[in-house]
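Peer 1: Below: sequence and its predicted model.
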Amino acid sequence: MATVPRSRGGVIAFFATRLEKWTSRAGDLGLDPARVQELAQAVERAQSARENNLILQAAARAAAKEARRLEYHLRRTGGRSIATIRAKAKLDEDPGVLVLAELPAPKRPRPTPAPPTPTNVRSRVDHEGAIVLSWQATRPRPHARAFTRVQRALNGSSRFTLIGTSGTNEYRDDTLPMGTHQAAYRLTAVRGKLAGAPAETIVVRLGARAA
């Protein structure tokens, strides 16, 4: 372990705490007055430089914080001016206003894509005789108002009717009429007002192993 600490503050503290004793007992320690005086001056200069450095560092942090604040203020103030110019260009239906202000034309909003089609649709009959559908679907963003629409056609009919929706990747149909021998299901992902392409129809034949 080094006798003198390697940190800048540590080396100053090391010699500063010993300077008084080394000065008063210089002869006992084999130090001549000139050497002790030189050490005292070195400690003083190092302490002064460190204090100035800390002050400058604090000032630099404060200056950087103020610069960020002023830049944020400029961004907001300038943003209001840009909004005013764009509003005038829109009101006057004159893109030349933007050209004059050296501003780019606003980007056209990209249409929101339809939700992806449910995949790997499967069915099973539970112990109560209800048909349970399960599938895989892309997880929507939080608060996206996404769900899966479930439609059903019975006994070979080509007419599908809505029987419910699911906010998960599963749906349980316990509303089959008595005497139903076949049920076809069509699943469609919906997000907001957009509906995706329906999944491939799955057909469940009752009295036989579920498809």
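Peer 2: It's in. Numbering: from 1, shown residues only.
Peer 1: From now on I want contacts and neighbour counts done on CA atoms only, so please keep to that.
Peer 2: Will do.
Peer 1: Could you report the neighbour count for the residue lying closest to A105 once chain neighbours are set aside?
Peer 2: Excluding the flanking residues, the one nearest A105 by CA to CA, 6 or more residues apart in numbering is L98, at 6.8 Å. Using other CA atoms under 10 Å, L98 is surrounded by 18 other residues.
Peer 1: Over to I55?
Peer 2: For I55, the count of nearby residues is 11 (other CA under 10 Å).
Peer 1: Averaged pLDDT, the helix or strand it falls within. What do you get?
Peer 2: Under the criterion of DSSP states H and E, I55 resides in helix 33-92. Helix 33-92 shows a mean pLDDT of 95.
Peer 1: Skip ahead from the helix or strand harbouring the residue nearest to A105 and say which helix or strand is next.
Peer 2: Assessed by DSSP H and E, L98 sits inside helix 96-100. The helix or strand immediately downstream of helix 96-100 is strand 119-125, counting by DSSP H and E.
Peer 1: Neighbouring strands - and their directions - for that next one?
Peer 2: Using DSSP bridges, strand 119-125 pairs in its sheet with strand 131-136 (antiparallel).
Peer 1: which one in this structure is furthest away from the centre?
Peer 2: What lies farthest from the middle of the chain is G27; by CA atoms, centre = their mean that is 68.3 Å.
Peer 1: Looks to me like it is in a helix.
Peer 2: Yes - counting by DSSP: H, G, I helix; E, B strand; the rest coil, G27 is found in a helix.
Peer 1: Spell out which residues sit in contact with N120, please.
Peer 2: By CA atoms under 8 Å, 6 or more residues apart in numbering, the contact set of N120 is 135-136.
Peer 1: Is G156 in a helix, a strand, or coil?
Peer 2: Three-state call for G156 (three-state DSSP): coil.
Peer 1: and it, what does it touch?
Peer 2: 182-184.
Peer 1: Go through these and flag which are in helices.
Peer 2: Judged by DSSP state H, those include no members of helices.
Peer 1: any idea which of those is closest to P113?
Peer 2: Using CA to CA, A184 comes nearest to P113 of these, at 27.5 Å.
Peer 1: Check which residues of stretch 39-56 are buried.
Peer 2: Buried residues in stretch 39-56, counting neighbours by 16 or more other CA atoms under 10 Å, are found at 39-40, 43, 46-47.
Peer 1: Mind listing residues that contact stretch 195-208?
Peer 2: The contact list for stretch 195-208 (CA under 8 Å, 6+ apart) reads 114-119, 121-123, 180-190, 210-211.
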